[in-house]
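Colleague: below: sequence and its predicted model.
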Amino acid sequence: MEKTLSEYQERYQNEAEFFDHEVEEMFRNDRGLKFSNQLTYEDYFGLFTTYRVVKDFFGPVKERKILDFACGSGWISIYLARSGAECCGFDISPKSVEIATRMAEVNGVGSRCQFKVTAAEKMDYPDNTFDLLFGNAALHHTDLDKSPSEIARVLKPGGKAAFIDDLRHHPVMWLYRKFTTDKHTHYETPMVHQNVEQFKPYFTSAVFESYDFLSIFPKQKRLTKILQPIDASILAVLPFMKHFCRHIVIKLIK
């Protein structure tokens, strides 16, 4: 059913208030704004499986115009800008946009980053603006009856979009979400593979790939190195298990 304007306004207000509070707590007294590393996009996206998939899909980002979709604190844009990308980012949370702007300036890439408050279902950008678009844990906060067409609209012909997001049915993460309701908004809905159908009308290619069934803690590198081959074997023998992985990587070409 088509949502009314008041329903969207209620959703946006709820999400904005939730993430305003989250980012204020995270960056109280400007704590954490300055990166302790000098990693580039190539460096950071090479560290973890799902990000490497995106890096291979995008290729070089130097001088490419990229949209950081639902950017939060804008940390992804820092890495992209360090590799020479021209970054725009948006979020529904005004406080997040404020923090993202300060973070870019503190880390010396303010001239390559611009952030604004807008909604995923009606982005405040002209048609055919971006070469690339990336979202991290963002799509499941949007209305997937509306956001796919908007993503296609702001991409240039042949442009690429990639998302790393949560899948709904991973057993551990399902339990985590169930018992930590204060960590999530009322409106977010983790993804399922069937969501690919909502993207197909707007893109020449729409691919959903599953990752991380056992290897759900990517920063534990030794453990991940052991578990990832096991994950690959499980998915090769039992392909239906793709629905129960933790993460999905979505690759779209306009």
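Modeller: That came in fine, so what should we check first?

Colleague: all contacts plus neighbour counts: C-alpha atoms, from now on.
Modeller: OK.

Colleague: for the stretch 101-250 of the chain, which segments count as strands?
Modeller: Per DSSP state E, counting those that start in this stretch, the stretch 101-250 of the chain carries strands over the ranges 113-117, 130-136, 155-166, 205-211, 247-253.

Colleague: adding mean pLDDT and distance to Gly32, write the ones you listed out as JSON lines.
Modeller: Shown next, in JSON lines, are the strands of the stretch 101-250 of the chain (pLDDT from 0 to 100; distance: least, C-alpha to C-alpha, whole Å):
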{"stretch": "strand 113-117", "mean pLDDT": "98", "distance to Gly32": "18"}
{"stretch": "strand 130-136", "mean pLDDT": "98", "distance to Gly32": "19"}
{"stretch": "strand 155-166", "mean pLDDT": "97", "distance to Gly32": "23"}
{"stretch": "strand 205-211", "mean pLDDT": "95", "distance to Gly32": "29"}
{"stretch": "strand 247-253", "mean pLDDT": "97", "distance to Gly32": "26"}
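
Colleague: now distance to Lys183 and mean neighbour count too, for the ones you listed, in a markdown table please.
Modeller: Output for the strands of the stretch 101-250 of the chain, formatted as a markdown table (distance: least, C-alpha to C-alpha, whole Å; neighbours: other C-alpha atoms under 10 Å):
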| stretch | distance to Lys183 | mean neighbour count |
| --- | --- | --- |
| strand 113-117 | 22 | 22 |
| strand 130-136 | 17 | 22 |
| strand 155-166 | 14 | 22 |
| strand 205-211 | 23 | 18 |
| strand 247-253 | 18 | 23 |
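
Colleague: these: which one's closest to Phe240?
Modeller: With C-alpha to C-alpha, the closest approach to Phe240 among the strands of the stretch 101-250 of the chain belongs to strand 205-211: 10.5 Å.

Colleague: turn the strands of the stretch 101-250 of the chain into a markdown table, columns for distance to Tyr8.
Modeller: Putting the strands of the stretch 101-250 of the chain into a markdown table (distance: least, C-alpha to C-alpha, whole Å) gives the following:
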| stretch | distance to Tyr8 |
| --- | --- |
| strand 113-117 | 15 |
| strand 130-136 | 21 |
| strand 155-166 | 22 |
| strand 205-211 | 27 |
| strand 247-253 | 25 |
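
Colleague: quick one: the helices in this structure?
Modeller: Assigned by DSSP state H, the chain shows helices spanning 5-26, 41-45, 49-58, 75-82, 94-106, 147-154, 171-179, 221-237.

Colleague: quick one on the thing from earlier: quick one: which of the strands of the stretch 101-250 of the chain is nearest Ser73?
Modeller: Closest approach to Ser73 among the strands of the stretch 101-250 of the chain (C-alpha to C-alpha): strand 113-117, 9.9 Å.

Colleague: can you list the weak-confidence ranges in the stretch 51-200 of the chain?
Modeller: Nowhere does the stretch 51-200 of the chain drop to pLDDT under 70.

Colleague: 90 - rerun?
Modeller: Across the stretch 51-200 of the chain, the ranges flagged by pLDDT under 90 are 171-190.

Colleague: so which of the helices of the chain is nearest Thr129?
Modeller: Of those, nearest to Thr129 by C-alpha to C-alpha is helix 147-154, at 5.3 Å.

Colleague: that concludes my questions; thank you for your assistance.
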